[in-house]
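**Q** structure of the sequence below:
(chains A, B, C and D)
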Amino acid sequence: MKVNVRLFATLRERAGASSIDIELPERATVDDALDVLRERAELADALARLPVRVAVNREYVELGAALHADDELALITPVSGGC
Amino acid sequence: MKVNVRLFATLRERAGASSIDIELPERATVDDALDVLRERAELADALARLPVRVAVNREYVELGAALHADDELALITPVSGGC
Amino acid sequence: MHARISAEPLSLSDVAKLVAHPAAGAIVTFQGTTREVDRLDYEAYVEMAEPYMRRLLRECLEQHGLRALAAEHRVGSVPLGEASVVVAASAAHRQEAFAGARAAIDRIKAEVPIWKRELSGGEARWVGGVLP
Amino acid sequence: MHARISAEPLSLSDVAKLVAHPAAGAIVTFQGTTREVDRLDYEAYVEMAEPYMRRLLRECLEQHGLRALAAEHRVGSVPLGEASVVVAASAAHRQEAFAGARAAIDRIKAEVPIWKRELSGGEARWVGGVLP
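**A** Modelled structure (predicted):
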């Protein structure tokens, strides 16, 4: 199944894209998606260095959460809004 | 010696004036001035009921502070500025 | 240190602008507004209140490590919903800006010679306060 | 509950007006401004940040007994001295208004998916932050 991955800040710059699609087996979890993303050359370094929190369909979720086809998964590196 | 007494809020309304002059002996203190003011018919009730802090020449002072001719003495009842 | 007693309506943005500073990352403001009654009438011992407020602001600025601090208090009639007092504090970080603005309004209410009378349904009464 | 992500300059007085209420005697605002660097560039996950901020504000309102709470966050370039975020909280009394405004900005900084890049002397770097 296809999942859309949103990228921001450092990760967006590394990937040269604000979103990418990845293929995952049916019943994959967020953790499985992260494994796939860590193997991508353009993200490997940054994902080894930066902690990430994951949002699915615009809600923060835990690593064990199940994914579904066409979900929007976002990689949230440490946030620095405010001032 | 003459001392000018500034009145505000409840005391101003009771006295029907925003300031009054009182006569005091030389070397009188703030406490002496308060004794004189408590004997005035228009202020007696209010001064028996309300606590007051005294300012002399626009600075808060203690009751023992000495007064001088033409000092400006203000009777400060509990304040309620702000909101 | 800007401290002013004024009979005119107060402007939040004007007071906030007074504390802007290139090294200040945080600005906190406080507005006290008339609520629940038709209006409040404020009376001040202006000749003392203004310099006292200025000195009080300087002490708060030093104690809380602020960049700037300003306050204005209105006198006369303040109708429902309008501001009787505005305080603005700026600091490098938000912790100090919040603490400084809070200290300033706490001290203004407790120490500055200003009194208010409440007008509600045709009745007027002086509001009990704090002895400085 | 007003929460907005905007590429336009923020107006303190507009956000403060959103929380005015006849039963609110206290309005506290917070502004975070760019300091010490030429500018900050903010990027947001707007589709999530706006509803998340709205929910966060509702929680702060309930926890602190506020009358109203509003916040706006700017994205794109924010030059030195300009505001990146504005929060306004109203409550019956100042205690709650201060606590509510403080809680809102603390949570916005720690939880909302927004990132900033610092630009200083021609150098750009993403600022390390807090993992939500």
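
**Q** and the residue of chain C nearest chain B?
**A** Taking C-beta to the nearest C-beta as the measure, the point where chain C comes nearest chain B is C:G32, at 2.2 Å. Using the backbone N, CA and C atoms, a C-beta is placed for each residue, glycine as well.

**Q** who does that residue bridge with?
**A** Beta-bridge partners of C:G32, counted by DSSP bridges, are C:V85, D:A26.

**Q** up against chain B, what does chain C have?
**A** For chain C, the residues in contact with chain B under the definition C-beta under 8 Å from any C-beta of the partner chain are C:31-35, C:42-45, C:47-49, C:51-52, C:73, C:83-85, C:105, C:108-117, C:126-132.

**Q** any idea which element the residue positioned nearest the centre of chain A lies in?
**A** For chain A, the residue whose C-alpha lies nearest the mean C-alpha position (C-alpha atoms, centre = their mean) is A:L75; its distance is 3.7 Å. A:L75 is part of strand A:72-76 when elements are defined by DSSP states H and E.

**Q** for the helix or strand of chain C with the lowest mean pLDDT, name the packing helices and strands.
**A** Ranked by mean pLDDT, DSSP states H and E, the weakest helix or strand in chain C is strand C:123-126, scoring a mean of 92. For strand C:123-126, the elements it packs on are strand C:114-120, judged by 3 or more C-beta pairs under 8 Å, 6 or more residues apart in numbering or on different chains; DSSP states H and E.

**Q** ok, which stretches of the chain are strands?
**A** Since no chain was named, I'll use chain A. Applying DSSP state E to chain A gives strands spanning A:2-6, A:19-23, A:53-56, A:59-61, A:72-76.

**Q** switch to chain C, that's the one I care about
**A** Using DSSP E, the strands of chain C run over residues C:2-6, C:26-33, C:39-44, C:68-74, C:76-79, C:83-91, C:114-120, C:123-126.

**Q** and the fourth one, which strands flank it?
**A** Next to strand C:68-74 in the sheet, as set by DSSP bridges, lie strand C:2-6 (parallel), strand C:83-91 (antiparallel).

**Q** adding mean neighbour count and mean pLDDT, write the ones you listed out as TSV.
**A** Putting the strands paired with strand C:68-74 into TSV (neighbours: other C-beta atoms under 10 Å in any protein chain shown; pLDDT from 0 to 100) gives the following:
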stretch	mean neighbour count	mean pLDDT
strand C:2-6	18	98
strand C:83-91	27	98
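
**Q** count of neighbours near residue 50?
**A** Looking at chain A here, since you left the chain open. By the criterion of other C-beta atoms under 10 Å in any protein chain shown, A:L50 has 16 neighbours.

**Q** please go with chain C instead
**A** C:E50 has 18 neighbours, counted by other C-beta under 10 Å.

**Q** what sits closest to it if chain neighbours are left out?
**A** Nearest-residue entry for C:E50: C:I5, 5.2 Å, with adjacent residues in sequence omitted and distances by C-beta to C-beta, 6 or more residues apart in numbering or on different chains.

**Q** so C:L18 is in contact with C:R67, correct?
**A** No - judged on C-beta atoms under 8 Å, C:L18 makes no contact with C:R67 at a distance of 11.3 Å.

**Q** so for those two, which sits in the more crowded spot?
**A** Neighbour totals were compared for C:L18 and C:R67, and C:R67 leads with 22 against 17 (other C-beta under 10 Å).

**Q** residue in chain A nearest to chain B?
**A** Nearest to chain B in chain A, going by C-beta to the nearest C-beta, is A:C83, at a distance of 27.1 Å.

**Q** so how far is C:I27 from the nearest residue to that residue once chain neighbours are set aside?
**A** Distances taken as C-beta to C-beta, 6+ apart put D:G32 closest to A:C83, at 2.2 Å, once the chain neighbours are dropped. D:G32 sits 8 Å away from C:I27, taking C-beta to C-beta, to the nearest Å as the criterion.

**Q** returning to what we had before: out of the strands of chain C, which comes closest to B:D45?
**A** For the strands of chain C, distance to B:D45 was read as C-beta to C-beta. The smallest value, 14.1 Å, belongs to strand C:123-126.

**Q** so which bits of that closest one are buried?
**A** By neighbour count on 16 or more other C-beta atoms under 10 Å in any protein chain shown, the buried set for strand C:123-126 is C:W126.
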